[in-house]
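Enquirer: sequence? don't have it. structure:
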């Protein structure tokens, strides 16, 4: 079936670097996308979302980019900190459906 | 504000035993969900509810039942537990389709 996936299962960066986490989706009907952060032993927490009528959305140190032509979503984290170490999930849905999650990328930040 | 609360946090079951996982939310959300999370698999939707008294099947519903007798509660039942149901279970709720708020998870082991 159609699903959301991520390009890389793990990403290692140095503190202070910018991180880019990628996600490919296959359902062209999806119109809402969201990034979650999951720390060890905790539930997923909302980071940022974007609707299909937008290409870019910025939050505090985070930016989400949406390329509908190639069905690609990315999360950029500026000045990555050790506290950013976690598993990051992209998820998508369309009206009338629950969120469908990708498999996740583990971000490791070293000092 | 507690958000989404799951009970219990940990449980060990023997094969064939039954149990019920409780989810409670205090945000007056209409929509509630049960997901399971397995290593390398992301989160997969088991069942969901769009309002009190309603339930629907998700991606992996076999072996589970749910009930939504009260708006704030969503129960997940395992009638006859199997080792394949060893997983971390997450409950979530949302105001509408889209951003969902997650509980802390229940780690279930079936031996």
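Expert: All right, it came through fine. Owing to the predicted nature of the structure, the values given are computational and were not obtained by experimental measurement.
Enquirer: CA atoms for contacts and neighbours, from now on please.
Expert: Noted.
Enquirer: could you give the number of residues near residue A:63?
Expert: 19 (other C-alpha atoms under 10 Å in any protein chain shown).
Enquirer: also residue A:79?
Expert: Per other C-alpha under 10 Å, the neighbour tally for residue A:79 reads 14.
Enquirer: what strand or helix carries it?
Expert: Using DSSP states H and E, residue A:79 falls within no helix or strand.
Enquirer: quick check: it vs chain B, distance?
Expert: From residue A:79 across to chain B, the span is 26 Å (C-alpha to the nearest C-alpha, to the nearest Å).
Enquirer: show me what contacts the residue nearest to that residue when sequence neighbours are not counted?
Expert: Residue nearest to residue A:79 in three dimensions, not counting chain neighbours: residue A:16, with 4.2 Å by C-alpha to C-alpha, 6 or more residues apart in numbering or on different chains. Residues near residue A:16 by C-alpha atoms under 8 Å, 6 or more residues apart in numbering or on different chains: A:78-81.
Enquirer: enumerate the residues of chain B near chain A.
Expert: Within chain B, the positions lying close to chain A (C-alpha under 8 Å from any C-alpha of the partner chain) are B:40-45, B:90, B:97-105.
Enquirer: list the helices and strands the helix or strand hosting residue A:106 packs on?
Expert: Per DSSP H and E: residue A:106 is located in strand A:105-110. Counting contacts by 3 or more C-alpha pairs under 8 Å, 6 or more residues apart in numbering or on different chains; DSSP states H and E, strand A:105-110 is packed against strand A:10-14, strand A:86-93.
Enquirer: need the winner for burial among those.
Expert: Of all the helices and strands packed on strand A:105-110, strand A:86-93 has the most neighbours on average by mean count of other C-alpha atoms under 10 Å in any protein chain shown, namely a mean of 25.
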